[in-house]
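Engineer: Can you look at this prediction? I've put the sequence above it.
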Protein chains: 2
Amino acid sequence: MIRVLVCDDEQLLREALGRIVDVADDLHVVGLAENGSQALELVAKHSPDVVLMDIRMPVLDGIEATRLIVRAHPATRVLILTTYDLDSYVYAALQAGASGFLLKDAPSERLRDGVRIVAAGNSVLAPEATTRMIEALRPDLPDESDQHLLAAIQTLTDREREVLTLLAAGHSNQAIADHLHLSRHTIKIHVSNILAKLNLPDRIQAVLAHTRLRPHL
Amino acid sequence: MIRVLVCDDEQLLREALGRIVDVADDLHVVGLAENGSQALELVAKHSPDVVLMDIRMPVLDGIEATRLIVRAHPATRVLILTTYDLDSYVYAALQAGASGFLLKDAPSERLRDGVRIVAAGNSVLAPEATTRMIEALRPDLPDESDQHLLAAIQTLTDREREVLTLLAAGHSNQAIADHLHLSRHTIKIHVSNILAKLNLPDRIQAVLAHTRLRPHL
DNA sequence: ATCCGACTAGTACCGGAGCACTACGCACTG
DNA sequence: CAGTGCGTAGTGCTCCGGTACTAGTCGGAT
């Protein structure tokens, strides 16, 4: 049985949410709170598995309440439930330690499923937020101008790639030489070859290029 | 009515999935395919709204099939359904243009809801994958060792921060001087002060530190 | 067998980076 | 008014980075 606390400042919605949750055999509402501060008290009192939390509330808003709850009661998961699908809300909620973010216009079964998911220790996001998050994760495609760099890196020899990695980590030629048990002069040759092959003017640009392309290597 | 095509190489599972989908009033199975190649044909024939797609299949695997389907039929959404919750699968699926990624051990209602979500043009992820994606996206808090750097940057003067930005972009002292209409010597002073305040040995470390901390500035 | 590319090493040279020290104008403050 | 901090500028010095040229070894390809 998953024990749920509902926190919303609108009484009607609070009760409606409670009913929606309670119709499931495996979910049980253990309390209703009308603001973040009250939620904090009831969490301490009932130790619920999941808190359904609104964001915009008087006294103590849902984000701050989430932060306090997850710090004081790590076993209790918070599922944010809001009307507004703003990226800043999603971000703030997750940053505050929320396990999920759903919209109030979600079908009731999706809400119940969300409770089960966060109770199991996983995360759930509103479909719209999921879409945007995937989009945000995708622009991993390198710029047009970096494409030829990627190709050029493939032309490097194993040794050169090894040197490039150390170079990009910020090591000096001498440090790279010590690390590879080579002479400083040899490293300079490798660096020169790397810069020539990548058509870069100096090691700083190599460092920048390498960090830029790191996700694609 | 959302029209669904089911694609899986195991006949039992294929039929079971079809039944699970068909019990919903708003969902209708328009075809069953036993590999990616057959799915491609049936998509062309029936133009379904959603394809439930397995990954591991003979002839043509689900990832490649997804790539071909979304290219040839952009209106058809693909929802990947697999047994294995591997990050590489999730990534490959989304990269191939899938709108969703669910696991076969998901409750049937979650599966039906997933179909509705992708049919509406949004994305859905298995809870486990959602959790990991959020972890990956959460701009990890700066390391312990970087905390004092952040503080130190606050002690920089406006001019020094300006120089640091240009320095971190990979510009030479001379280039920075030209850009700010100052003498090269003045820039060297600023750089020296910056390195001293941030306790860094050279500009390369400044570049690395700046790129590392960029999300937190 | 010969040639070529990769890896190694060295010397020499130039320019940029970074530091030390000095110095002046300006604005703010005690 | 003097002191302080900031921004500006210069000189001189050392060290590192990058290039040029030479040169040896080794393994694979012609």
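Structural biologist: Structure received. Please read all numbers here as calculations on a predicted model, not as lab measurements.
Engineer: Can you list the buried residues in the longest helix along chain A?
Structural biologist: Ranked by residue count under DSSP state H, the longest helix found in chain A is helix A:184-198. Buried residues in helix A:184-198, counted by 16 or more other Cβ atoms under 10 Å in any protein chain shown: A:187, A:190-191, A:194-195, A:197-198. The way it works is simple: take the backbone N, C-alpha and C, and place the C-beta from them, glycine included.
Engineer: Make CSV out of those residues and add pLDDT and distance to residue A:162.
Structural biologist: Conversion of these to CSV gives the following (pLDDT from 0 to 100; distance: Cβ to Cβ, whole Å):
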residue, pLDDT, distance to residue A:162
A:187, 92, 11
A:190, 92, 9
A:191, 92, 12
A:194, 92, 10
A:195, 92, 15
A:197, 90, 14
A:198, 91, 15
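Engineer: residue boundaries of the helices in chain A?
Structural biologist: Using DSSP H, helices in chain A cover A:11-22, A:36-46, A:62-72, A:87-95, A:108-119, A:127-137, A:144-154, A:158-168, A:173-180, A:184-198, A:203-213.
Engineer: need the contact list for the nearest residue to residue A:152 once chain neighbours are set aside.
Structural biologist: In space, and not counting its chain neighbours, residue A:152 is closest to residue A:198: 5.0 Å by Cβ to Cβ, 6 or more residues apart in numbering or on different chains. For residue A:198, the contacting residues are A:149, A:152-153, A:156, A:206, A:209, by Cβ atoms under 8 Å, 6 or more residues apart in numbering or on different chains.
Engineer: ok, the residue nearest the centre of chain A to residue B:134 distance?
Structural biologist: With distances taken as Cα atoms, centre = their mean, residue A:94 lies nearest the centre of chain A, 7.1 Å away. Distance, residue A:94 to residue B:134, by Cβ to Cβ, to the nearest Å: 6 Å.
Engineer: And residue A:91, by the same measure?
Structural biologist: Applying Cβ to Cβ, the value for residue A:91 to residue B:134 is 10 Å.
Engineer: If you count surrounding residues, which of these two has more?
Structural biologist: residue B:134 (20 against 16; other Cβ atoms under 10 Å in any protein chain shown).
Engineer: Who are the packing partners of the helix or strand bottoming out on mean pLDDT in chain A?
Structural biologist: Lowest by mean pLDDT, DSSP states H and E among the helices and strands of chain A is helix A:144-154, with a mean of 84. On a contact count with 3 or more Cβ pairs under 8 Å, 6 or more residues apart in numbering or on different chains; DSSP states H and E, helix A:144-154 meets helix A:184-198, helix A:203-213.
Engineer: Would you mind writing the CA trace of that helix as CSV?
Structural biologist: Extracted C-alpha coordinates of helix A:144-154, given in CSV (Å, rounded to 0.1, in the frame of the first residue of the first chain):
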residue,chain,number,x,y,z
GLU,A,144,28.9,22.3,-39.2
SER,A,145,32.3,23.8,-38.5
ASP,A,146,33.3,21.0,-36.1
GLN,A,147,32.4,18.2,-38.5
HIS,A,148,35.7,18.4,-40.3
LEU,A,149,37.5,18.4,-36.9
LEU,A,150,35.9,15.2,-36.0
ALA,A,151,37.0,13.7,-39.3
ALA,A,152,40.5,15.1,-38.8
ILE,A,153,40.8,13.5,-35.3
GLN,A,154,40.2,10.2,-37.0
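Engineer: Is it in proximity to DNA strand C?
Structural biologist: No - remark: helix A:144-154 sits outside contact range of DNA strand C, by Cβ under 7 Å from any atom of the strand, the gap being at least 11.5 Å.
Engineer: Thanks a lot, see you next time.
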